[in-house]
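Undergrad: I would like the atomic coordinates for the input below:
(chains A and B)
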Amino acid sequence: MTKYPITFFNIVTVYMTYGVMIIFGYLEDLFEKVCASFFSVLGLVKSGKKRKILAPLTDSFQAFYVRKVYGRVHDILNRPISSSPAAWIDVLERKFVPNKVNQLEFTGKTQKCLNMGSYNYLGFTVPSGFHDKKIVETLENYSPAMCSTRNEVGRSQKLIELEKKVAEFVRKEDAICFAMGFATNSTSLPLICGKESLIISDCLNHASLVWGSRSSKATVRVFQHNNMNHLEKVIRNAIVKGQPRTGRPWKKIMIVVEGIYSMEGEIVPLPEIIALKKKYKCYLYIDEAHSIGAIGESSRGVVDYYNLNPSDVDILMGTFTKSFGSVGGYIAADKDIIDTLRLKSYSSIYADSLSPACAEQILVALDSIMDKNVGNKRVKKLKENSNYLRKSLINKGFYTIGDMDSPVIPVLIYCPSVIAEFSRKCLAKGLALVSVGFPATNLVDTRIRLCVSSAHTKSDLDHAINVMDKVGTKLMTRYKLKNKINPDKIKTPFEKFSLLENNPKISIKQN
Amino acid sequence: MIKVGPEDSIPQRIEPLTNKSINWAGDKFFWIFYVWIIFGFRIFLWMIGIEDSAAAWTATNIVHSVVTFFAFHWIKGTPFSYDQGIYDKLTFWEQIDCEIQNTWTRKFLLIIPIVLLLITCNHTKQNTSLMMVNVFFASFVIIGKFPAMHRVRILGINK
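TA: Numbers count the residues shown, from 1 in each chain, chains lettered A, B, ... in the order given. As a prediction, this is how the structure comes out:
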């Protein structure tokens, strides 16, 4: 659990909020049942006797949670939009229908808000849509969808071009591209780690990595988030004890981490993991969904951020949805691994392959980033924006977590009802936020996650800070006001590990 | 007595808790909140005007037993569906700490109803029938927390 910087009274009120919601939910359910049975006895309402023949549609506990807890606040989640998710966005207004439970209806108005919720790190999403002739030409010359799997007829020329370009960008030998980012993990991990191997994954990994680890026949162990001592203990324990029942040595040990964790905004301590990996001869798989394109001097991800050698990491995975404005994912590794994935990955056998127009969008984006003169402009702007926003929020007294230099800024607001009001008030003032609650985070760690983009100007960020300041003052969520941190004294992850550059076990790439 | 399902996982004491619907039970602030709300209920009864301490403590004990029996030992599974139903046959009590017995969370949650029962018996010394009612209600909650009752369903109820 996170260490709470706020008072005991605040945390107790969070538990009481949940308690009150649950108790009132059960009382309402009880009242409804009593009334329904009363009215059915009087003959005014049909009794539900026939329903006993049919199987229940939902589990009663899950349905209770959806109706009574989630349903009360669900107007702040899944808001429909009517423009492309650029720096400013048009949000369709909704309100609760008067005499019905948990139903929303559109009022017909849209509101132009500052978009701090979309993953638009390098600003390739523009209000006008397509911004390149090449993409429209590709859409006309090639079909919009391949309608076939990769191994049959789905291997288009654009896909081959894209794979070569991605391998060149990430500085690995070869790459394979998939049509869906989630499916990249869930269909490739089963092939990479087989029956007698071990997957050691961070406890806060994304659902796609968890799904892929569970579908593989490998054993899965978990280590505490970003805790290198615990990771070392887990590895040593695994190597000493061997496989669970036979005690034989593992065929391979694969450490699975993410580049930037999207709920915490923290960057993985890569130099330490590489040192551990070399010491114990394990393999490393990094999921760079949020970090590719968004960090690093030449925007090549977390390996570039720490100035390390990409051949030290065995498998680099990433998605094109966050920084490149498209769909799909990729895996980059040595040629023989990629050839096996091309033949045998579940996605190559059963799933549709990437559409050529989407591949063209990624190629255009990559051309723009890899350009020698102006390629770094976007990622530099992103870094300035995210550091400016983070420092300003810390100065105002908000409790932000995550590392400096990362474009994801979670702001902790512990109470679920407060976060619902916060989101609604911010929307009324023209700031569209994403709030994250219980199933995705711990019970009391509900938070607002701001995603900075390089398309945001300084005046946009000032608008965001002002709105959050006003709303935070009114709802009393500026928890760090009393014991302020000096944001200039916070070290970036690169500064923390620059001491390790002299470590002979980690090889630095010679530029 | 019928045992439910095979015991699949070997509990590992070094594994962090990934079951998000349960891992708040080990939080020390939750413990303080739990104790506070029990005494808060007793004080609330005093503020209403119930002067008889035996009746008030009995009421607290019964409400606590009913609510915690329902919450810890009756409801099974997790409130969300993305963990693919692995915990669907386990009650809240059985899911705590990845099914490892005798952790500090379990010890604390076992001590609370015992202490409450002792306080209540102290106040209802003269009234034996009220004391029997107290012991009856509290026994459900206390016996359900013993390690021997892990994954046991008496007479197949709530399987």
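Undergrad: measure whatever residue of the stretch 51-200 of chain A ends up closest to chain B to residue A:422 for me?
TA: Per Cβ to the nearest Cβ, residue A:65 is where the stretch 51-200 of chain A lies closest to chain B, at 3.6 Å. Yep, even glycine has a C-beta here, placed from its N, CA and C like the rest. Separation of residue A:65 from residue A:422 (Cβ to Cβ, to the nearest Å): 22 Å.
Undergrad: residues in contact with the residue of chain B found nearest chain A?
TA: Of all residues in chain B, residue B:79 sits closest to chain A, at 3.6 Å by Cβ to the nearest Cβ. By Cβ atoms under 8 Å, 6 or more residues apart in numbering or on different chains, residue B:79 lies in contact with A:61, A:62, A:64, A:65, A:69, A:438, A:439, B:21.
Undergrad: redo that, cut-off 6 Å
TA: A:62, A:65, B:21 (Cβ atoms under 6 Å, 6 or more residues apart in numbering or on different chains).
Undergrad: do residue B:18 as well
TA: Residue B:18 makes contact with residue A:203 under the criterion Cβ under 6 Å, 6+ apart.
Undergrad: quick one: secondary structure of it?
TA: On the three-state scheme (DSSP: H, G, I helix; E, B strand; the rest coil), residue B:18 is labelled coil.
Undergrad: and what of residue B:32?
TA: helix.
Undergrad: And for it, the neighbour number?
TA: By other Cβ atoms under 10 Å in any protein chain shown, 14 other residues sit near residue B:32.
Undergrad: Can you tell me how far it is from residue A:397?
TA: Separation of residue B:32 from residue A:397 (Cβ to Cβ) stands at 26 Å.
Undergrad: likewise residue B:157?
TA: For residue B:157 relative to residue A:397 (Cβ to Cβ), the value is 52 Å.
Undergrad: if you count what's nearby, which of those two comes out ahead?
TA: It is residue A:397, of residue B:157 and residue A:397, that has more neighbours when counted by other Cβ under 10 Å, with 18 against 8.
Undergrad: roughly how far apart are that one and chain B?
TA: 22 Å (Cβ to the nearest Cβ, to the nearest Å).
Undergrad: right, and that residue touches residue A:479 too?
TA: No - using Cβ atoms under 6 Å, residue A:397 is not in contact with residue A:479; the gap is 7.3 Å.
Undergrad: And the next helix or strand past the lengthiest strand in chain A?
TA: Determined from DSSP state E, the single longest strand within chain A is strand A:104-115. Going down the chain from strand A:104-115, the next helix or strand is helix A:133-141, by DSSP states H and E.
Undergrad: Geometrically speaking, which residue is the centre of chain A?
TA: For chain A, the residue nearest the mean C-alpha position is residue A:262 (4.0 Å; Cα atoms, centre = their mean).
Undergrad: Quick check: which element contains the residue lying closest to it once chain neighbours are set aside?
TA: Setting aside the residues directly before and after it, residue A:262 is nearest to residue A:290 in space (Cβ to Cβ, 6 or more residues apart in numbering or on different chains), at 5.4 Å. Counting by DSSP H and E, no helix or strand carries residue A:290.
Undergrad: Equivalent analysis for residue A:255, please.
TA: Assessed by DSSP H and E, residue A:255 sits inside strand A:253-258.
Undergrad: in the following helix or strand past that strand, what's buried?
TA: Note on strand A:253-258: by DSSP H and E, the next helix or strand toward the C-terminus is helix A:270-280. Neighbour counts over helix A:270-280 (16 or more other Cβ atoms under 10 Å in any protein chain shown) mark A:270, A:271, A:272, A:273, A:274, A:275, A:276, A:277 as buried.
Undergrad: What residues does chain A have near chain B?
TA: For chain A, the residues in contact with chain B (Cβ under 6 Å from any Cβ of the partner chain) are A:1, A:11, A:12, A:15, A:61, A:62, A:65, A:203, A:222, A:224, A:439, A:443.
Undergrad: Widest-spaced pair of the residues you listed?
TA: For those, with distances taken as Cβ to Cβ, the pair at the greatest spread is A:12 and A:222 (29.8 Å).
Undergrad: Name the residue in the two with the higher neighbour count.
TA: Neighbours around residue A:12 and residue A:222, counted as other Cβ under 10 Å, are more numerous at residue A:222. The numbers are 22 against 16.
Undergrad: how big is the angle separating the helix or strand in which the more buried one is found from strand A:253-258?
TA: Using DSSP H and E, residue A:222 maps to strand A:219-223. Here the directions of strand A:219-223 and strand A:253-258 differ by 50 degrees (axes from the mean of the first three to the mean of the last three Cα atoms, to 10 degrees).
Undergrad: Using CSV, write out every CA atom in the next helix-or-strand element following strand A:219-223.
TA: Remark: after strand A:219-223, the chain's next helix or strand is helix A:228-241, criterion DSSP H and E. The C-alpha trace of helix A:228-241 is given here as CSV (Å, rounded to 0.1, in the frame of the first residue of the first chain):
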residue,chain,number,x,y,z
MET,A,228,15.2,-4.5,-6.9
ASN,A,229,16.1,-6.2,-3.6
HIS,A,230,12.9,-8.2,-3.7
LEU,A,231,13.4,-9.1,-7.4
GLU,A,232,16.8,-10.4,-6.5
LYS,A,233,15.3,-12.5,-3.7
VAL,A,234,12.7,-13.9,-6.0
ILE,A,235,15.3,-14.8,-8.6
ARG,A,236,17.7,-16.4,-6.1
ASN,A,237,14.8,-18.3,-4.5
ALA,A,238,13.7,-19.6,-7.9
ILE,A,239,17.2,-20.7,-9.0
VAL,A,240,18.0,-22.4,-5.7
LYS,A,241,14.7,-24.3,-5.5
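Undergrad: pLDDT on helix A:228-241, on average?
TA: Mean pLDDT, computed over helix A:228-241, is 91.
Undergrad: which residues touch it?
TA: In contact with helix A:228-241 (Cβ under 6 Å, 6+ apart) are residues A:198, A:200, A:221, A:223, A:224, A:272, A:276, A:280.
Undergrad: Kindly indicate which of the residues you listed lies nearest residue B:150.
TA: Nearest to residue B:150 among these, with distances taken as Cβ to Cβ, is residue A:221, at 23.0 Å.
Undergrad: so the closest one sits right up against residue A:200, yeah?
TA: Yes - using Cβ under 6 Å as the test, residue A:221 is close enough to residue A:200 to be in contact (5.1 Å).
Undergrad: what are the ranges of the strands in chain B?
TA: Using DSSP E, the strands of chain B run over B:2-3, B:152-153.
Undergrad: Determine which of those shows the lowest mean per-residue pLDDT.
TA: Looking at the strands of chain B, the lowest mean pLDDT belongs to strand B:2-3 (a mean of 38).
Undergrad: Now do stretch B:58-75: distance to the chain's middle.
TA: Offset of stretch B:58-75 from its chain centre (Cα atoms, centre = their mean, to the nearest Å): 7 Å.
Undergrad: and if you look at stretch A:454-467?
TA: Computed by Cα atoms, centre = their mean, the chain-centroid distance of stretch A:454-467 equals 22 Å.
Undergrad: chain center to the helix or strand containing residue A:363, what's the gap?
TA: Here residue A:363 sits within helix A:356-370, counting by DSSP H and E. Relative to its chain's centre, helix A:356-370 lies at 22 Å (Cα atoms, centre = their mean).
Undergrad: Now it: average pLDDT?
TA: pLDDT averaged over helix A:356-370 gives 92.
Undergrad: any idea which helix or strand comes after the helix or strand hosting residue A:166?
TA: Assessed by DSSP H and E, residue A:166 sits inside helix A:157-170. Using DSSP H and E, the helix or strand that follows helix A:157-170 in sequence is strand A:174-178.
Undergrad: quick one: strands adjacent to that next one?
TA: Paired with strand A:174-178 in the same sheet, following DSSP bridges, are strand A:329-333 (antiparallel).
Undergrad: how much does the partner strand deviate in direction from helix A:157-170?
TA: Using the same axes, to 10 degrees: strand A:329-333 against helix A:157-170 is 60 degrees.
Undergrad: Strand A:329-333 vs helix A:356-370, what angle?
TA: Using the same axes, to 10 degrees: strand A:329-333 against helix A:356-370 is 60 degrees.
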